[in-house]
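Enquirer: got a sequence here, can you build the structure:
(one chain, ligands or ions: 1)
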Amino acid sequence: MFDRSAHWLRLAENVLPAGVNSPVRAYRAVGGTPPFIASAAGARIVDVDGNDYLDYVSSWGPAILGHAHQEVVRAVADAAAQGLSFGAPTPQEVTFAQRLSERFPNLELLRCVSSGTEATMSALRVARAATNRDVIVKFEGAYHGHADALLVKAGSGAATFGTPDSAGVTEAVARTTWTLPYNRSQAVRDLLSGHGSEVAAIIVEPIAGNMGCVPPQPGFLDSIVEGCRSCGAVSIFDEVMTGCRVAAGGASERFGVVPDMTCLGKVVGGGMPLAVYGGRRELMSQVAPLGRVYQAGTLSGNPVAVAAGLATIARLDDDLYSRLETLGAQLQAGIERAIKRREVTATVQRVGSMLTVFFTSGPVVDFAAADRCDRDRFARWHRGLLTRGVYWPPSQLEAAFISAAHTSEDVERTIAAVDAALGD
Ligand code: PMP
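Expert: Numbering: from 1, shown residues only. Here you go, the predicted structure:
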């Protein structure tokens, strides 16, 4: 089934670490050969052996319209024909920024960058400059990209491999990154009441996605935004995964909580390398050349990437989100039925079109709970899905994503595969 992928993996391992350009792709958490991909269209992805899968990785979030959506591809082709990169301002990036400010009203000024990592790293620099303080606070199991300061008790691939603190990050850097358990409002309040004057920023995934899908408990996000306000720190929502995914205005709109700064990526780039950070005008006015915070990029606001982003967000309307909600609810209910029928210990957590099946009794509210999952059981289930034509994220601590290209029949097929794989 994976002969050609195995061939490419052997070649790849000679030239790329573990044969991949991002760790989770190597399938170390689930074993077996990672399918090497040939193409994708709509909700389906095809590997080099010709295996055809229903895709729930969705490029780790961006593919909200499904793969190779006609209008996005046309926009990219048209933009490319006008030139790939200028290193100069373009009208399209202005429109792009306007569209995002409409959806995220706290983005009075924003900057385009090329990855979520750059977005969070730059937002923290702005927060430190604005407050003249060093400490940043993040939550255990949250992943905000691979900037040094953020690889402390990180989720996603870092947690999957049991190395939450990366080698190569100096102690001096790690010392100014403090961590708290996710979803503990009281812990946020306690920390700020004792040390608020040292804290530059609290950065949070407003719906955690990198320890699997963990929604915020009532009051948690408010405790961060209000706590920061009362001690002069900057609240940062990392909506790289959730922005334009769970609502047009992201988790901020969904939960009605507005932070000082927001980071976006994935969906807003429509599958191209494009991300954003921004916030209130007085904070972002510190960014060069207006202010003394230096941040720049040769390919920032790249016209081809911006074209993909604009074409994608143009299609994100109420109908699309209600369709994703319906499909998400259908998938969740079907998986829960299968779990019950097979008498397996597992729990499904979902916000809109983000979903995780945790092999633990749940509810999963923080990293300690996510970490109790039976990962061997997950790996077996994952292999069962793959052999039945379902391409699911290859790690227990990730979220699966539904796209608008999935149909109700696709979801029924997936539920049947989930049920069968639970019996393996
Ligand atoms: N923040 C969050 C919440 C993410 O999920 C990710 C990527 N999974 C990042 C930041 C980093 O984004 P990128 O991979 O584009 O650097």
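Enquirer: for the ligand, what's its nearest residue on the stretch 101-250 of the chain.
Expert: Each residue of the stretch 101-250 of the chain has a distance to the ligand, by Cβ to the nearest ligand atom, and the smallest belongs to Gly116, at 2.2 Å. Backbone N, C-alpha and C define where each C-beta goes, glycine included.
Enquirer: just give me the neighbour total for that residue.
Expert: One way to gauge burial is a neighbour count; for Gly116, by other Cβ atoms under 10 Å, it gives 29.
Enquirer: for it, what are phi and psi?
Expert: Comment: the main-chain dihedrals of Gly116 come out as phi -60, psi -40, following degrees, to the nearest 10.
Enquirer: and Thr131, by the same measure?
Expert: Summarising the backbone geometry of Thr131 under the convention degrees, to the nearest 10, its torsions are phi -100, psi -20.
Enquirer: next one: Val276
Expert: Its backbone dihedrals place Val276 at phi -150, psi 140, with angles given as degrees, to the nearest 10.
Enquirer: name all residues that make contact with it.
Expert: The contact partners of Val276, taken as Cβ atoms under 8 Å, 6 or more residues apart in numbering, are Leu100, Leu107, Leu110, Arg111, Cys112, Val113, Ala119, Cys263, Leu264, Gly265, Val268.
Enquirer: the fifth one - that's part of a strand, no?
Expert: When you say that, I think you mean Cys112. Yes - using DSSP: H, G, I helix; E, B strand; the rest coil, the assignment for Cys112 is a strand.
Enquirer: residues of the stretch 151-300 of the chain that sit close to the ligand?
Expert: With Cβ under 6 Å from any ligand atom as the criterion, the stretch 151-300 of the chain meets the ligand at residues Ser156, Glu205, Gly209, Asn210, Asp238, Val240, Met241, Gly265, Ala275.
Enquirer: list the contacts for the first one?
Expert: Going by Cβ under 8 Å, 6+ apart, Ser156 touches Val24, Tyr143, Asn210, Ser395, Leu397, Glu398.
Enquirer: was I right about Pro206 contacting Glu253?
Expert: No - at 10.3 Å, Pro206 does not count as touching Glu253 under the criterion of Cβ atoms under 8 Å.
Enquirer: which residue ranges form the strands in the chain?
Expert: With DSSP state E applied, the chain shows strands at 37-41, 44-47, 52-55, 109-113, 135-139, 177-180, 199-204, 234-239, 261-264, 275-279, 347-351, 354-358, 390-391, 400-401, listed in chain order.
Enquirer: mind giving me CSV with these and columns for mean pLDDT?
Expert: As requested, these are exported to CSV (pLDDT from 0 to 100):
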stretch, mean pLDDT
strand 37-41, 98
strand 44-47, 98
strand 52-55, 98
strand 109-113, 98
strand 135-139, 96
strand 177-180, 94
strand 199-204, 98
strand 234-239, 98
strand 261-264, 98
strand 275-279, 98
strand 347-351, 98
strand 354-358, 98
strand 390-391, 98
strand 400-401, 98
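Enquirer: closest to Ala80 out of those?
Expert: Checking those against Ala80 by Cβ to Cβ gives strand 109-113 as the closest, at 17.6 Å.
Enquirer: do that closest one and the ligand meet?
Expert: No - where contact is defined by Cβ under 6 Å from any ligand atom, no part of strand 109-113 touches the ligand; the two come within 9.2 Å at best.
Enquirer: what's that strand packed up against?
Expert: Other helices and strands packing on strand 109-113, by 3 or more Cβ pairs under 8 Å, 6 or more residues apart in numbering; DSSP states H and E, are helix 91-103, helix 116-131, strand 275-279, helix 281-284.
Enquirer: before I go, just wanted to say thanks for your time.
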